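Visitor: Sequence below, structure please.
(2 chains)
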Amino acid sequence: MTSSTAARLSPKVLLIDPVRMLPSLLLPLLGVLFAGGFSPVSYAWAAAGLGGGVVFAVARWLTFTYAVEGDRLELRRSLISRSVKTIPLERIRGVDIASPPLLRVFGLAVLKIDTGATGQEGELNGVTLAEAERLKAVLLRQQDAAPAQAQDVLFKLPRRWLLYGPLSGAYLLTPFALAGGAIGLAFQVGEELGLGRQALRAGRELVNHPDLLILAVLVLVVLMPIAGGIMYALFTWDFTLRRREGHLVAERGLLTRRSVSLESARVRGYESVDALAERWAGVVRVWAIVTGLGDSQTRGQLLPDVPRAVAADLTARAVGPYTGPLIAHPPVARQRRLFRAVAPWLAAALAWAVLAPPAWPGLVLASLVLAGLGVPLGLDRYRSLGHGYDGTRLSARSGSLRRSQAVVEQRAVVGWRLRQTVFQRRSGVLTVIAGVGAGRGGYHAVDVSREQAVAFTRSVTPEWVAPFLVND
Amino acid sequence: MRIREPAQRVSPKARLLWLLHSLAAFVVLAAGSYIVARWIGTSRWSWVPDWMHESWWIVPAVVIALCLPALAAEPFVRYAVHRWELAGDVVYARSGFLTREWVFVPVSRIQTVDKSQGWFERLLDLATLEIRTASHAGSSRINGLAYGTAADLAELLARRAEQLRDDAT
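Guide: Residues are numbered from 1 along each chain as shown, chains lettered A, B, ... in the order given. Got it, this is the predicted structure:
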């Protein structure tokens, strides 16, 4: 067993801490200066505040230590009250290393330790990169001491595939979020500086000139794919998937380099997702389905947008292939998808027409257009539906605007839930949900016929349904 | 091949339990719609249609007319639907009123078995059995069991689960 003496975070953290504290200190400091009318006393108070911040940072650095003691990691904090957080090494499911720009300048990184249980995570905010790598190796050491085939690169994202990014629809709202943030900040700072009235006047000016407002919104809309693409590129830059000593390690990011380790033994399957535009381009994103992984949406990503064939090849090598066919759902499922895509908009059109007789023809028209669009949407939703089992893995697919297909190992299934609404009962279909102790917890095969439900559950886990089957 | 219904009914007293639930829901709905409709109907707001001012009592009347049959039928429908069975080390339960659910949980995947008693359940000496696995979709609740039955079943499942435990979650 390895044992090391207690260590502190890198002292370079002290250089970064004041910068990190700045945003939260800025407004109070400005407030003190303004309240004191920029008198010498107010400067003294502000300086005292700054000094206090620095002393606090030093004290925090001095009183926080970590150590690997035998088979557990101990994080000791004794600034105000003493606390020791003990994380048994065997509980550690994954270790993330991230280095945000500020930390990266000083060659530092943040080490996040995931134990599966919420509130049990450990964080070392500011260790040197070398120390982070060393700790990661110690924390994730395997009992079976795998031979040194250490770095097996499974996949490295070619730069030009970053161009697929905007198709995913991810980060598309970035311009609006940035504009909203800027406006919020302007108001907040304006308020502090007593400029509230001017800001309000500017706002009123904008409302009085709707053309300006529309122009601003148009600019933001045009910026959507560009800004979205840039964000996507920043976050997925040089995405690399490696296999290392029983772990899948995904590394990505330009400014903040993130590395996520997933224990292969806990990976139970994967979920591939493609939006409408992505399907048109033939690309797909993939997430791993992992037991006991918190925040799996951001951390479990196995592949960014890559061509379908590449994704199929990679998931087959990294997790395991799904070789079976997807069984289509009965035609009545198509009627149900169509009805659900069209009827609400028709009902809305009718309601607008009845409730507001002369006015709002625009709303009626808009509802009718949406109802018309519901036809191809409903048909596509039906085309997406499918489920199957190939002997080791089961699969279920659904969705149109965001289609997703889950592939899960048979041994990960912990139970079945069949669900039938009143309308499904009348159509003779039901939803089969495979309970899985990983990922989203349940994977749905929507609108399968009664016979398909029996056949599906029986093929995957024969002994679980056999006692309850009868011949007609 | 088709899936048959589970063998065991829940306790007959469960009907009384669901009737009490229905009654509580009815009181809340009727009183709630009455208060809201009267508040809006007697206000002088311009957007309120005229008929609402004159005869606001229609709203609670419609609510009651629609809900009463459903709430009255619910206990009896539920008693017909809710069933359970333990066979071949698999817990099989059916439940629901408008939406029906059939749940299959193998004992080997059970993580915890709890029995709980609400207010009305304690009054009627009933209990709810909660069978949890690593997935919410693979977990089951059996409502309206007689307390003795629930206790015995919980005991049996917990013991058997320990024997069968394999950790392939």
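Visitor: show me the contacts for residue 16.
Guide: By default, I'm working from chain A. A:102-103, A:106, A:108, A:126 (C-beta atoms under 8 Å, 6 or more residues apart in numbering or on different chains). To be clear about C-beta, it is placed using only N, CA and C from the backbone, and glycine gets the same treatment.
Visitor: try again with chain B
Guide: B:75, B:124.
Visitor: just checking, next helix/strand downstream of the strand or helix carrying it?
Guide: Following DSSP states H and E, one finds B:L16 within helix B:14-41. Going down the chain from helix B:14-41, the next helix or strand is helix B:50-54, by DSSP H and E.
Visitor: need the contact list for A:G229.
Guide: A:162-163, A:165-166.
Visitor: give me phi/psi at the residue lying farthest from the centre of chain B?
Guide: Relative to the C-alpha centroid of chain B, counting by C-alpha atoms, centre = their mean, B:S46 is the outermost residue, at 41.8 Å. Phi and psi for B:S46, reported as degrees, to the nearest 10, are phi -70, psi -30.
Visitor: quick one: it and chain A, what's the gap?
Guide: Distance check for B:S46 against chain A: by C-beta to the nearest C-beta, to the nearest Å, it reads 15 Å.
Visitor: And chain A, what are its domain boundaries?
Guide: A:13-88+A:124-140, A:165-236, A:331-383 (automatic domain parsing).
Visitor: want to try JSON lines for those, with mean pLDDT as columns?
Guide: Shown next, in JSON lines, are the domains of chain A (pLDDT from 0 to 100):
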{"stretch": "domain A:13-88+A:124-140", "mean pLDDT": "81"}
{"stretch": "domain A:165-236", "mean pLDDT": "76"}
{"stretch": "domain A:331-383", "mean pLDDT": "87"}
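Visitor: Convert the C-alpha atoms of the helix-or-strand element of chain B with minimal mean pLDDT to PDB, please.
Guide: Lowest mean confidence among the helices and strands of chain B (mean pLDDT, DSSP states H and E): helix B:50-54, at a mean of 77. Extracted in PDB, the C-alpha atoms of helix B:50-54 (Å, rounded to 0.1, in the frame of the first residue of the first chain):
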ATOM      1  CA  ASP B  50     -69.800  38.200 -19.000                       C
ATOM      2  CA  TRP B  51     -71.300  34.800 -18.400                       C
ATOM      3  CA  MET B  52     -68.600  34.300 -15.800                       C
ATOM      4  CA  HIS B  53     -69.800  37.300 -13.800                       C
ATOM      5  CA  GLU B  54     -73.400  36.200 -14.000                       C
END
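Visitor: mind listing what's buried in that helix?
Guide: Neighbour-count burial for helix B:50-54, counted by 16 or more other C-beta atoms under 10 Å in any protein chain shown, picks out B:M52.
Visitor: Stretch A:262-278 now?
Guide: Buried, per 16+ other C-beta under 10 Å, within stretch A:262-278: A:262-264, A:266-275, A:278.
Visitor: Go through the residues you listed and say which is closest to B:A37.
Guide: A:A275 (44.1 Å; C-beta to C-beta).
Visitor: how about the closest one, what does it touch?
Guide: By C-beta under 8 Å, 6+ apart, the neighbours of A:A275 are A:167-169, A:401-403.
Visitor: Put the buried members of those into a PyMOL selection.
Guide: Per 16+ other C-beta under 10 Å, the buried members of the contacts of A:A275 correspond to this PyMOL selection:
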select buried, chain A and resi 167+168+169+403
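Visitor: For whatever residue of the stretch 151-300 of chain A ends up closest to chain B, report the pLDDT, please.
Guide: Nearest residue of the stretch 151-300 of chain A to chain B, counting by C-beta to the nearest C-beta: A:T291, 5.7 Å away. A:T291 is assigned 84 on the pLDDT scale.
Visitor: Phi and psi next, for the closest residue to it other than its chain neighbours.
Guide: What sits nearest to A:T291 in space, not counting adjacent residues and going by C-beta to C-beta, 6 or more residues apart in numbering or on different chains, is A:A438, at 4.1 Å. The phi/psi pair for A:A438 (degrees, to the nearest 10) reads phi -160, psi 160.
Visitor: returning to that earlier point: filtering the contacts of A:G229 by proximity to chain B, which remain?
Guide: By C-beta under 8 Å from any C-beta of the partner chain, no member of the contacts of A:G229 lies near chain B.
Visitor: still on that earlier bit, can you put the contacts of A:I16 in TSV and add secondary structure and neighbour count?
Guide: Formatted as TSV, the contacts of A:I16 follow (DSSP: H, G, I helix; E, B strand; the rest coil; neighbours: other C-beta atoms under 10 Å in any protein chain shown):
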residue	secondary structure	neighbour count
A:L102	helix	14
A:L103	helix	23
A:F106	coil	16
A:L108	strand	23
A:G126	strand	26
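Visitor: circling back: can you redo the contacts of A:A275 as JSON lines, where the extra columns are secondary structure and distance to chain B?
Guide: Listed next are those as JSON lines, based on DSSP: H, G, I helix; E, B strand; the rest coil; distance: C-beta to the nearest C-beta, whole Å:
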{"residue": "A:L167", "secondary structure": "helix", "distance to chain B": "31"}
{"residue": "A:S168", "secondary structure": "helix", "distance to chain B": "27"}
{"residue": "A:G169", "secondary structure": "coil", "distance to chain B": "27"}
{"residue": "A:L401", "secondary structure": "coil", "distance to chain B": "24"}
{"residue": "A:R402", "secondary structure": "strand", "distance to chain B": "20"}
{"residue": "A:R403", "secondary structure": "strand", "distance to chain B": "21"}
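Visitor: number of nearby residues for residue 37?
Guide: Since no chain was named, I'll use chain A. 8 (other C-beta atoms under 10 Å in any protein chain shown).
Visitor: hmm, I had chain B in mind actually
Guide: 20.
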